[in-house]
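In: Let me see the structure of the following:
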Amino acid sequence: MKNIFKITLFALTSLLLVNCKSSNRNQSTLTGLSFDGQKTPLGMVGVEGGAFTMGQVQDDVMFDWNTTPKKIHVRSFYMDEAEVTNSEYFLYVQYMKDVFPPSDEKYKHIYSSILPDTLVWRKSLGNTDILSENYFRHPAYADYPVVGVSWLQANEYCKWRTNAVNLKTLIDKGHIKNIFEIDTISNFFDTDVFLVDDSKLFNNDTTVYKRGVGRTVRKRGEPRPSRDAFQGRKISSADGILTQRFRLPTEAEWEFAAKANIENREYNNIRGRKKYAWDGKYSRSKDKRTRGDQLANFKQGRGNYSGLSGWSSDGADIPNKIKSYPPNAFGLYDMSGNVAEWVADVYRPIIDNEANDFNYFRGNIFTKKMIDAEGNIVIAATDDSPEVEYDTLPNGKIVPKQLPNTIKYIPITKDDTSLRRNFMVADNTDINDGDANSSRFYAEDEDGLNSKPSMYNSPKPPTVEIDPDTGEEVLVNDKKRRTTLISNKTRVYKGGSWSDREYWLDPAQRRYLPEYMATNYIGFRCVSDKVGPMTTGNKKARNPSR
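Out: Residues are numbered from 1 along each chain as shown. Coordinates of the predicted model:
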């Protein structure tokens, strides 16, 4: 026992001496031990948070009255420089095809559920089949923003990106073996499952390194396990190795990043009067070398998608290659024009007057890990129970309720919220919306019953019925008359696009679409949370005068 203690003390002392000699800023000032700090994710820039006026006070020519100005504070975060491209999304599609081959009966709907809808390019009175056939897969469009992607698909991409980045990080640092070199990707890596029980992810020939317990045999070319603070135990989220999850930006974050008021702190801009993602009130460049060039890709008039050929053209009649136009003050490209972008929020006609003024977001559904009777965390569609559960969307598309080998989550219960003052229910998408004062008939559903009230008369999902002639199951769409698309499944999208007029380039403008629908003018980009200090290291953001 004494020998083990001496060996441990010697190892710790050696580690302290090595770390003290280095000038690593990610180092404990109390023990000298090194740790991993947060770094700017690849392809992203830091957006330092602060106060701004969400909404706009320009003329409301659409008479929507849904952009009521409200002063709020946004936390710092990281955001993609540009929209996710066709090539980046295609990598995701290929990865998922390898992991969940559509030839496998139990996986047959997973691959098709993530494919972009290329038919969004078709027009009844237009010759656009060339775009349906080529825009997503042809190399000529590799660096163009992906479109035809629904909010649900964009959300799934963000989850996959988190797992892909963490998997590569663990391989590069030598914490796990390179599973890409062992064989084709046969296991779906999930960050949450890795943290809970990594044995659920890998076979015996692909194990997690247990450093400090015996000797690990390395193959030639295999990354060397680093000497760090993880000796003899499994990695946890507290170690700082794994990236913060990628997700869609909230509406407040997207608008704050697009307005980039750091470049012009005049009173009018702080009050939300900035018209574009760039500084100024015109869509053409004032710079001497580029004077007159359009600063964004948008529809300039009826039948005028790019301007006259030559000098007055904006360079594109459909989405253009990313980074084709100058970035805004945060270093973000195409925050006005090119394609509109999905954001995380559930749509409601107005910005809530009584909403949280700190990092506003509508759409929280608080969940917790599902635990079985034996106290184990439940994982979906494992080898013991390989059946994948599917759901049918209102447009008839079949999607998995949850990917195999991922942890199941359930809404929190009343017991979890007992005596809490900050939240009371699991689903907060329609919180403070649809109360008795909002609608005369709110307490009644469409049949006049007090069963499950609905604030908005939106379409219902299709139902499965038995065909009396064939005896087969068929999907029957909602046949009742509906007056709105607004529901708890309706999401906000922001920014103008290649097919929009200049009016929609205003970052404060907001529109909505059901989360399962896709168009040829909506794309997306990801964000990641900034942890720790508010500053992002962006000197220009902190003090533009320097």
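
In: Please pull up the helix or strand immediately following the strand or helix carrying R491.
Out: Per DSSP states H and E: R491 is located in strand 490-494. Heading C-terminal from strand 490-494, the first helix or strand you meet, by DSSP H and E, is strand 510-514.

In: Quickly run through the sheet partners of the following helix or strand past that following strand, with directions.
Out: Going down the chain from strand 510-514, the next helix or strand is strand 522-523, by DSSP H and E. Strand partners for strand 522-523, identified by DSSP bridges, are recorded as strand 340-346 (parallel).

In: Please save the CA atoms from the partner strand in PDB.
Out: Provided in PDB are the C-alpha atoms of strand 340-346 (Å, rounded to 0.1, in the frame of the first residue of the first chain):
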ATOM      1  CA  ALA A 340     -32.800  33.000 -45.000                       C
ATOM      2  CA  GLU A 341     -31.900  30.900 -41.900                       C
ATOM      3  CA  TRP A 342     -33.700  28.700 -39.400                       C
ATOM      4  CA  VAL A 343     -33.500  29.700 -35.700                       C
ATOM      5  CA  ALA A 344     -34.500  27.700 -32.700                       C
ATOM      6  CA  ASP A 345     -37.500  29.700 -31.500                       C
ATOM      7  CA  VAL A 346     -41.200  28.700 -31.700                       C
END
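
In: for the very next helix or strand once past that strand, packing partners?
Out: On the C-terminal side of strand 340-346, the nearest following helix or strand under DSSP H and E is strand 367-369. Contacts defined by 3 or more C-beta pairs under 8 Å, 6 or more residues apart in numbering; DSSP states H and E place strand 367-369 against strand 409-411. C-beta coordinates here come from the backbone N, C-alpha and C atoms, glycine included.

In: May I see the buried residues of the strand it packs on?
Out: Buried positions in strand 409-411, judged by neighbour count with 16 or more other C-beta atoms under 10 Å: Y409.

In: got the contact list for it?
Out: Residues outside strand 409-411 that contact it (C-beta atoms under 8 Å, 6 or more residues apart in numbering): 365-370, 426-427.

In: any idea of the angle the strand holding R491 forms with strand 510-514?
Out: 140 degrees (axes from the mean of the first three to the mean of the last three C-alpha atoms, to 10 degrees).

In: follow-up on the earlier one: out of the contacts of strand 409-411, who's the most crowded?
Out: A426 (17 neighbours; other C-beta atoms under 10 Å).

In: before we move on, the earlier item: return the member of the contacts of strand 409-411 nearest to T169.
Out: K369 (23.2 Å; C-beta to C-beta).

In: Now do stretch 118-135, average pLDDT.
Out: Taken as a whole, stretch 118-135 has an average pLDDT of 92.

In: residues of it that come out buried?
Out: So, applying 16+ other C-beta under 10 Å, buried residues of stretch 118-135: 118, 120-121, 131-132, 135.

In: hang on, the earlier thing: okay, the contacts of strand 409-411 in TSV with distance to A252 and pLDDT next?
Out: As requested, the contacts of strand 409-411 are exported to TSV (distance: C-beta to C-beta, whole Å; pLDDT from 0 to 100):
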residue	distance to A252	pLDDT
I365	18	93
F366	19	94
T367	22	93
K368	26	93
K369	28	91
M370	31	91
A426	22	89
D427	20	88
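
In: ok so, going back, partner strands of the strand holding R491 and their direction?
Out: Strand 490-494 is paired, per DSSP bridges, with strand 340-346 (antiparallel), strand 510-514 (antiparallel).

In: who touches the shortest one?
Out: With contacts defined as C-beta under 8 Å, 6+ apart, strand 510-514 is touched by 66-67, 151, 251, 340, 347, 394, 485-487, 489-494, 504, 519, 522.

In: average pLDDT across it?
Out: 93.

In: Can I get that strand as CSV, trimmed to CA atoms?
Out: C-alpha atoms of strand 510-514 as CSV (Å, rounded to 0.1, in the frame of the first residue of the first chain):
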residue,chain,number,x,y,z
ARG,A,510,-39.2,37.6,-38.8
ARG,A,511,-41.2,35.0,-40.6
TYR,A,512,-42.3,31.4,-39.8
LEU,A,513,-42.9,28.0,-41.2
PRO,A,514,-43.8,24.6,-39.7
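
In: before we move on, the earlier item: out of the buried residues of stretch 118-135, which is nearest to R421?
Out: For the buried residues of stretch 118-135, the nearest to R421 is V120 (45.5 Å; C-beta to C-beta).

In: can you give me the strands for the stretch 251-400 of the chain?
Out: 340-346, 367-369, 390-392, 398-400 (DSSP state E, counting those that start in this stretch).

In: Deepest-packed of those, please.
Out: Counting by mean count of other C-beta atoms under 10 Å, strand 340-346 has the highest mean neighbour count of the strands of the stretch 251-400 of the chain, with a mean of 25.

In: Can you report how many residues lie near T40?
Out: Neighbourhood size, T40 [other C-beta under 10 Å]: 14.

In: still on that earlier bit, I'd like to know which of the contacts of strand 409-411 is nearest to H73.
Out: Out of these, the member with the shortest distance to H73 (by C-beta to C-beta) is F366, at 21.8 Å.

In: State which helix of the protein is the longest.
Out: For the chain, the helix with the greatest residue count under DSSP state H is helix 151-172.

In: Return the set of buried residues in that helix.
Out: Quick answer for helix 151-172 (16+ other C-beta under 10 Å): 151-167, 170-171.
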